[in-house]
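Enquirer: Sequence first, predicted model second:
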Amino acid sequence: MSQSEPKKLAIIATKGSLDWAYPPFILSSTAAALGYEVQIFFTFYGLQLLKKDMNLKVTSLGNPGMPMPMPMPVMLQALPGMQGMMTSMMKAKMKKKGIASVEELRDLCIESGVKMIGCQMTIDLFDFSATDLISEIELGGAATFFEFAGEADVTLFI
């Protein structure tokens, strides 16, 4: 790599919940601000992050490290309405703390030139339509992403 070539960050985003939406967008926008060339490959549930209307939820199931206002057994967390309540609480706390929304972070990534690739196989698998997704993305398969990832200085699986 010559001195004039930027460092490269490749991220594979596989999760589609509110709490898992933040890492790929925060890391990508930060890397882009630091001069990195960045690509994110959205596959399986991560494809939710490219929808025009994300409507993401947070869940503590399978995430024992999630801080809760009070200890809550797994059984209670699975009750109807709990996911909605936890999502509302998390969004309110983020707003109070001045944390950017997922939509704002995604827009920042777009403005910063982060290349986002939606997995065509996943689109086909889940019967998505390209019209469900934001227009600022490229659709492609793993081979499209591997061209970039094979040369990346940093590769992350989220």
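Expert: Nice, I can see it.
Enquirer: drop to CA atoms for contacts and neighbour counts, all remaining ones
Expert: Noted.
Enquirer: hang on, Glu147 is in a helix, isn't it?
Expert: Yes. Assignment of Glu147 by DSSP: H, G, I helix; E, B strand; the rest coil places it within a helix.
Enquirer: Identify the residues contacting stretch 19-32?
Expert: 9, 11, 13, 15, 37-40, 46, 49, 57-59, 102, 105-106, 108-109, 112-114, 158 (CA atoms under 8 Å, 6 or more residues apart in numbering).
Enquirer: Pull out the buried positions in that stretch.
Expert: 19-22, 24-32 (16 or more other CA atoms under 10 Å).
Enquirer: Please convert the buried members of the contacts of stretch 19-32 into ChimeraX selection syntax.
Expert: Applying 16+ other CA under 10 Å to the contacts of stretch 19-32, the buried members can be selected in ChimeraX as follows:
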select :9,11,13,15,37,38,39,40,46,49,57,58,59,102,105,106,108,109,112,113,114
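Enquirer: Could you list which of the contacts of stretch 19-32 belong to helices?
Expert: Among these, the members found in helices (DSSP state H) are Val102, Leu105, Arg106, Leu108, Cys109.
Enquirer: nearest to Leu125, of these?
Expert: Arg106 (23.9 Å; CA to CA).
Enquirer: Enumerate every residue touching the closest one.
Expert: Phe25.
Enquirer: So for it, what's the pLDDT?
Expert: Note for Arg106: predicted pLDDT of 98.
Enquirer: what do you get for Thr144?
Expert: Predicted confidence (pLDDT) for Thr144: 89.
Enquirer: How about residues contacting the one helix or strand it maps to?
Expert: Taking DSSP states H and E as the criterion, Thr144 maps to helix 142-149. The contact list for helix 142-149 (CA under 8 Å, 6+ apart) reads Leu9, Ala10, Gln39, Phe41, Ile117, Cys119, Thr155.
Enquirer: any weak-confidence spans in this structure?
Expert: 1-3, 60-80 (pLDDT under 70).
Enquirer: From the centroid of it, which residue is nearest?
Expert: Centrality entry for the chain: nearest residue to the mean C-alpha point is Ala21, 3.5 Å, by CA atoms, centre = their mean.
Enquirer: Could you pull up phi and psi at it?
Expert: phi -80, psi -30 (degrees, to the nearest 10).
Enquirer: Redo the ones in helices among the contacts of stretch 19-32 as a markdown table? Include distance to Lys96.
Expert: Formatted as a markdown table, those follow (distance: CA to CA, whole Å):
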| residue | distance to Lys96 |
| --- | --- |
| Val102 | 15 |
| Leu105 | 17 |
| Arg106 | 20 |
| Leu108 | 20 |
| Cys109 | 23 |
